[in-house]
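1. My questions concern the predicted model and sequence given below.
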Amino acid sequence: MDDIDLRIIRELQADGRLTNQELADRVRLSPSPCLRRVRRLEEAGLIRGYTAMVDQVAYGLPITVFVRIRLERHTAEAVAVFEEHVALIEHIQDCYLMAGSSDYLLRVVIESLEAYERLVRNRVHAIPGIASIESSFAFGSVKQSRTYPRPARPR
């Protein structure tokens, strides 16, 4: 991946609806080589798809909750069971395996506090092997970037 590939990726992260001509102009390539590079990046799995950025509040999910989960045991089976259950809960947008005092950090988007309570009581508590659940509610968002920073190059 060279500097032109990085510029292509950043431009598409900022606006995935760019035409090939617009993208080529922005990264200073002619359209044919630009399209070949985009296809190569897609085939290599660096570009995994395209999506619309939707306003969470206008969509009807105004509440963001960060949930720290600690498991009772860390066996392969307990981890697999937890991760399988989490994958089925659509309100859980992200699930990160963590180092430190929590085993997982979840980002949940939800309609209301009542809906979050139901989610925890009916879905999360039903997952076997959870030792603790700690929720933090976001008051607002200061920054949400969808464009990765440029990676440092080894010197």
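-> Perfect, thanks for sending it.

2. what about the residue sitting furthest away from the middle of the chain, distance to Gly60?
-> Residue farthest from the centre of the chain, counting by CA atoms, centre = their mean, is Ser30 at 32.3 Å. Between Ser30 and Gly60 the computed distance is 44 Å (CB to CB, to the nearest Å). For the C-beta atoms, the positions are set from N, CA and C on the backbone; glycine is no exception.

3. okay, now the closest residue to the residue farthest from the centre of the chain other than its chain neighbours: neighbour count?
-> Leaving aside its sequence neighbours, Ser30 sits nearest to Ala24 (CB to CB, 6 or more residues apart in numbering; 6.1 Å). Close neighbours of Ala24, defined as other CB atoms under 10 Å, add up to 21.

4. now the one 3 residues further on
-> Other residues near Val27 come to 21 when the count uses other CB under 10 Å.

5. Show me the residue sitting in the middle of the protein in space.
-> Mean-position check on the chain, CA atoms, centre = their mean. Result Asp94 at 5.5 Å.

6. so who does it touch?
-> By CB atoms under 8 Å, 6 or more residues apart in numbering, the residues touching Asp94 are 105-107.

7. can you redo these as TSV with distance to Gln144, neighbour count and secondary structure?
-> Output for these, formatted as TSV (distance: CB to CB, whole Å; neighbours: other CB atoms under 10 Å; DSSP: H, G, I helix; E, B strand; the rest coil):
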residue	distance to Gln144	neighbour count	secondary structure
Leu105	16	16	strand
Leu106	17	21	strand
Arg107	11	15	strand
